[in-house]
Structures are given as C-alpha cells and as structure tokens.
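1. Coordinates only, no sequence provided:
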C-alpha cells in the first residue's frame, strides 16, 4: 500500500487534490501551522473539508507543527478537541508538548511527527514511537539506508517528501528569518532568506563576491518512487500548500501514474520519461533528486548564472462540462485555432488534440481564447470529464 | 553575580582552561569530535586526560550510520559529567546510563511545557537564545528543575546537512574554506563547515550578563558562556563588549497581520 499525500492550501486546491488522485490531503488551520501567511482553513472549513474527503474515502491531516512559545498554547486544547470531533484523521506535530497533550486528551486522531523534528535515525524514531506517534515524516535529508533502518527497527509508518521546495537547513534548525526580518521561521513566518544572495568574505574578511548562495534546487523524486517504497516509505508527500491548482493537478497526476506503474512494463519506457519532462516543466524552479542516494552537493544548489526560474503559460483551461460532444472549457491562458494541446485528468493519462474550432458561450465561432477565465466551447468527441485540464502540448509520448 | 560553580565554559581553546581554573571555574563544555558542528572539536582521548569537570556537546542531527558510530563510543564516556544533546536518538541511547543529560535542541527549548516534559527525563535543559526577557523570566517561573541559561556567545542561526562552503567554492573554483562570513541586509553571519554539514552563526554575540541579577539564581543550573577568557573578564567586569541583544527586547512575529 502507498499513500499519495497532497497539499491543500485552500478549498479549491483541496477539491483538485482529491479529484487528481491524492489518497490524503494536508493543510493548516488558522493557527499553529508553518504556513502562517497561506490562506489556510477556518474551523467550519475544516469540518467541511473532512466531510468532503471522507465522502470519497480519502484522509485529512492537519498541521499543528509550529514550535510553540508559551503564549501559543492558549486555545490549543480546544482546537485539538475540535479537530478530533471534526473527524480529522491525523495531525502533524513537532513539539513534544503537543504530543503529550494529545495523549492526555485521549483523542481518536493519530499523531504524526512533522519533518520539523528532523528525524534521521532509528533511535530518535523509537523515542517518538514510545510517545505514541504513529507516523514519522522523515527529515528531507534521509538517505535510503536511514529509511530502511528506521522502518526495520520501528515498523512505524514513514512519510517522505517526493516533490517541491527544499529548505537549505535541516527543518526547524533555521532562524535566519528571525534575524534578518524579525519573522519567526518556526512559527510559520519564514521569508526564505536562504534564497537571497549574500556578500561573501573569507575568514580574514577579504571580499570574495556578492553572490554567495545557500539556495537549494527543488526536489523531484520521480526516478526513485519504487526504491523509496521498497525502502519502507508508505506516504509519498508533495510539498506546496501555496502552489496553483495546475501545479497540484499536474504533480499529482504524474506521481499517480508513476505509482500505478510500479512493477509493470511501462516503468522504464519513454512514457515515464515524458512524465519526468512534464514534472520538470511544471515547477518554476529546477527540480532534482536531493538526498536519498547521496549527500546533496553543488549540483543540487543554485549558483550565479545557473539559476533557472521558469514561468510558462502551459495551463490553457479547465473542463467544466462535456455534453453531446460539446466540451465547455474555462480559459486560463491564451490559445487559438491550430494549437496542439493535451488534456489530462484522473480518468485519462494524456490526450493529444489539435484545436480545430473554438466557440464562445453562444456557440459563435471565434479565432482565439484570449480573455482570462472566458468560457469557450470545443466540438469534439473526446473522453474528457469536468475537472480535467488542458495544457500546451510541449512533450509527446 | 554568578557563582563560579554555576558557570559552564564552552571551550574552543585548550590553553584557556588553566586561566579559567585560576579564577575558580571548574566546569567545561567541549564539542565532541566527529559529533558536533560549529565549534572547535575535541577527541575523547584528549578530554579523558584533563582534570576538570567535562561536559560533552553533541549538537548534530545524526543519520543512521552516525548514530551507530556514536553507539560504539558510549562505553568510553563514563568519565564525563554530562552530555548536551541535539539529536533525540542520543537521549534514547544514553537514557539508561548514569550520564546526566541536557536537552539542547536548537530553537526548540522555548516553552515551559516542553521543558517540563523533558525535565522528567533529563538533568536539565538549555534555553534557546531567541527568547525575550519576559519569556525567559516566565519559563524560569514555571520550570520544575533548574535550567541552563546561555549568557554569552554566538547564536547558531542555521544548521544544514549540506557542505555549503565547499559546494559554492567548488562551483566557482575558489579556494576551499571551512570558515567565512556572509552578509545580507545589515546582518552578518559566520559560516562554518565540517564533515557534518554547515552552521551559520549570527555575526555578533549576545550578552545576557546584565539580566542575571533579575532572574532567580536557584532556577539556574548553569550559566553557559561561549567565548574567550578575555571576553569572560570583560563581561563579568561590565566592560564594553560588542554584542547585540537581537531578541531579548523584541518579540518575533509570524503573521503579516501582526504589525498592524
């Protein structure tokens, strides 16, 4: 069994994540979460989110993973009880005080150790297992042998990040934001100082450059899904509660296909390479495997002249309806007659199509779809469903 | 006033031990070779020969191989007075020994509830250095045992498994360095690297000596000092020393709404 775990920064993203093959979603509430400036979920919204996810047999995890100052404990007990009553399946925590509070409250929800705790070895994992933790979100620095050792010695459920942004530091071991901006990294205020350029001086304070960089490339473990599963990973986690719905849909769709293909003949063919290309193009930063099979080195970091910030308009539209061979689409980026596009969705892998005609809402012919979120129609016999997305055909398979 | 028996000196230079001993200080903290980062490291065999109270600073996060390497070392640690640990795996391995343990998890020792939980398991805990005075005072009023208060030193602002200096210097074909300085937006950081990764320290030390008299001495296990003997004399004599109280009088914020 494998769990594909997706971020859900708001309700729209939650719906997309559930639709695109996530087995579980995670998000933060209004407090206690490490994305203090994400939209996050209000209490009523959490109840609705749980109902929505459970109605399609998916799970909901809530992040309660700040490192608490004393003032932050106010209201925490009530909040945890609320999450439990709302039916939340698990919470992700980093502070021992929260784990013990959950134990004393005898909650039904499961307690998972957040990656903030940076567990990399079986002895630390055993400590948290003894405290009642059911799952450990491993440190992003975990090597394959660490995963195997922890799994073998603890038999805990293990969760690992497979895609998204990386901290340069061990999670939880960085207060650069606190120093430079007064914002508390470990309470959700991180402003990613590690992505800044620094002036650089040697040990005698001789100036060396103005472009010293700590920044990490993003993570993509697409090449290692089977190996991660074999090492003992149960939950494959995608980072990015603040990313777009197109990003979430594309990443989930791609990893869902990779996971579903484990062990079958499609695993090593050109089709998998196509998926890798799609994944790489979807992110706005370069994605690479990071630790797993090595200690990340210079190839895994951004330096002067090597930084590639991608931004594209690949996301063309989202299917609203397909009835009587008329497909209704909400436009997201410019496209025109003659463009080659690709549909993808939970029930279709990737479907190539050349735009032959475009119609407006009144079924009048138009040449281009050039207004954001305009409703257009295509007449075609295609097996697409509401929620499927249409993108530029950049790669073929 | 600090009583000498409640002062713990982090040693970066063995030559300074005698100077501290001459003024009556007997407790010393040493970063353990191969199991620490950011400080001068010392081998167990050298430390064994010193006739002083020795505490070990083991401040790295360990992978599976490293924790197993550490396991092999435990039998040689019976001479130490205590172990300061970052990785919870170290606690798990040492909890059945008689070695007194000190919870020293960077940036996590910031609330009285967690501290009291740990104090049921360990000898004491080391307060993180990014707290306000009010928070320190509150925590001391709530903790069930005396705790270790850092009073002078350079605060570690970031710790990475990556070799950040080596990676950058290799990429740009610069000379290898294991210590350098980096700066951004008026903040300067000292960057140090060893085989365990990279540590960034804020470029100016904090000096909390002046708050000692405002805090209950019976709630302090040790006053932890990390600096040279010269610095130590300066701070206890209230001489001018370059320092910056970054957080002592200013709370950090974490939501955009907070400044309104």
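-> Arrived safely. Values in this document were obtained by computation on a predicted structure and should not be read as measured data.

2. now stretch B:17-27: mean pLDDT?
-> Mean pLDDT, computed over stretch B:17-27, is 96.

3. Next, the distance between the ends of that stretch.
-> 10 Å (Cα to Cα, to the nearest Å).

4. buried stuff in that stretch?
-> B:17, B:19, B:20, B:25, B:26, B:27 (16 or more other Cβ atoms under 10 Å in any protein chain shown). All C-beta spots, glycine's among them, are computed from the backbone N, C-alpha and C.

5. Could I get the pLDDT score of the closest residue to residue A:23 other than its chain neighbours?
-> Using Cβ to Cβ, 6 or more residues apart in numbering or on different chains and skipping residues adjacent in sequence, the residue nearest residue A:23 is residue A:3, 4.5 Å away. Looking at residue A:3, its pLDDT reads 97.

6. circling back: return the closest of the buried residues of stretch B:17-27 with respect to residue A:109.
-> residue B:27 (44.5 Å; Cβ to Cβ).

7. That closest one and residue B:5 touch, don't they?
-> Yes: if you go by Cβ atoms under 8 Å, residue B:27 and residue B:5 touch, sitting 7.4 Å apart.

8. If you tally nearby residues, what's the number for the closest residue to chain A within the stretch 51-200 of chain B?
-> Proximity of the stretch 51-200 of chain B to chain A (Cβ to the nearest Cβ) peaks at residue B:89, 3.2 Å away. Using other Cβ atoms under 10 Å in any protein chain shown, residue B:89 has 27 other residues around it.

9. what do you get for residue A:324?
-> Using other Cβ under 10 Å, residue A:324 has 7 other residues around it.

10. domain ranges for chain A?
-> Here the domain parsing of chain A from automatic domain parsing is A:3-187+A:215-300, A:315-392.

11. before we move on, what about chain B?
-> B:4-154+B:206-236, B:157-203.

12. ends of the last one, how far apart?
-> Taking Cα to Cα as the measure, domain B:157-203 stretches 10 Å from start to finish.

13. How about stretch B:8-26?
-> So stretch B:8-26: terminal residues 8 Å apart, Cα to Cα.

14. contact partners of that stretch?
-> Applying Cβ atoms under 8 Å, 6 or more residues apart in numbering or on different chains, the external contacts of stretch B:8-26 come out as B:4-5, B:7, B:27-31, B:39-40, B:42, B:46, B:50, B:52-53, B:55, B:57, B:148, B:153, B:222-229, B:232.

15. From those, which land in strands?
-> Mapping the contacts of stretch B:8-26 onto strands (DSSP state E) picks out B:7, B:27-31, B:42, B:53, B:55, B:57, B:148, B:153, B:222-226.

16. Near chain A, list only the ones from these.
-> Among the ones in strands among the contacts of stretch B:8-26, no residue sits close to chain A (Cβ under 8 Å from any Cβ of the partner chain).

17. Could you tell me the end-to-end distance of stretch A:63-73?
-> 15 Å.

18. in the stretch 1-150 of chain A, what spans have low per-residue confidence?
-> A:34-39 (pLDDT under 70).

19. show me the contacts for residue A:357.
-> Per Cβ under 8 Å, 6+ apart, neighbours of residue A:357: A:337, A:365, A:378, A:379.

20. Neighbour-wise, give me the winner out of those residues.
-> residue A:378 (23 neighbours).

21. residue contacts, the residue nearest to that one when sequence neighbours are not counted?
-> Distance criterion Cβ to Cβ, 6+ apart; nearest residue to residue A:378, sequence neighbours excluded, is residue A:327 at 4.6 Å. For residue A:327, the contacting residues are A:319, A:321, A:377, A:378, A:379, A:380, A:382, A:384, by Cβ under 8 Å, 6+ apart.

22. Can you give the contact residues for the helix or strand where residue A:83 lies?
-> Assigned by DSSP states H and E, residue A:83 belongs to helix A:76-86. Contacts with helix A:76-86, where a contact means Cβ under 8 Å, 6+ apart, come from A:29, A:31-32, A:43, A:46-47, A:50, A:62, A:64, A:68, A:91, A:98, A:101-102, A:105, A:107-109.

23. what are the phi and psi angles of the residue with the largest distance to the centre of chain A?
-> Largest separation from the mean C-alpha position in chain A: residue A:204, at 42.4 Å (Cα atoms, centre = their mean). Per-residue torsions, residue A:204: phi -100, psi 10 (degrees, to the nearest 10).

24. now swap in residue B:52 and tell me
-> Backbone torsions for residue B:52, taken as degrees, to the nearest 10, come to phi -150, psi 170.

25. and what of the one 10 residues further on?
-> Main-chain dihedrals, residue B:62, degrees, to the nearest 10: phi -100, psi 140.

26. count of residues packed around it?
-> 25.

27. same deal with residue A:285?
-> Residue A:285 has 18 neighbouring residues, counting by other Cβ under 10 Å.

28. How about it, nearest residue that isn't a chain neighbour?
-> Residue A:285 sits nearest to residue A:218 (Cβ to Cβ, 6+ apart), 4.7 Å away.

29. List the beta-bridge partners for that neighbour.
-> residue A:287 (DSSP bridges).

30. residue contacts, residue 250?
-> Just going to use chain A. A:278, A:279, A:282, A:344, A:389, A:391.

31. Sorry, I should have been clearer: chain B.
-> Per Cβ under 8 Å, 6+ apart, neighbours of residue B:250: A:182, B:132.

32. In three-state terms, how would it be classified?
-> Secondary structure state of residue B:250, per DSSP: H, G, I helix; E, B strand; the rest coil, is coil.

33. Residue A:227 against residue A:144, yeah?
-> Yes: at 6.7 Å, residue A:227 and residue A:144 qualify as touching, with contact defined as Cβ under 8 Å.

34. Overlap of the contact sets of the two?
-> In contact with both residue A:227 and residue A:144: residue A:292, using Cβ under 8 Å, 6+ apart.

35. For these two, indicate the residue with more neighbours.
-> Using other Cβ under 10 Å as the criterion, residue A:227 and residue A:144 rank with residue A:144 on top: 18 against 14.
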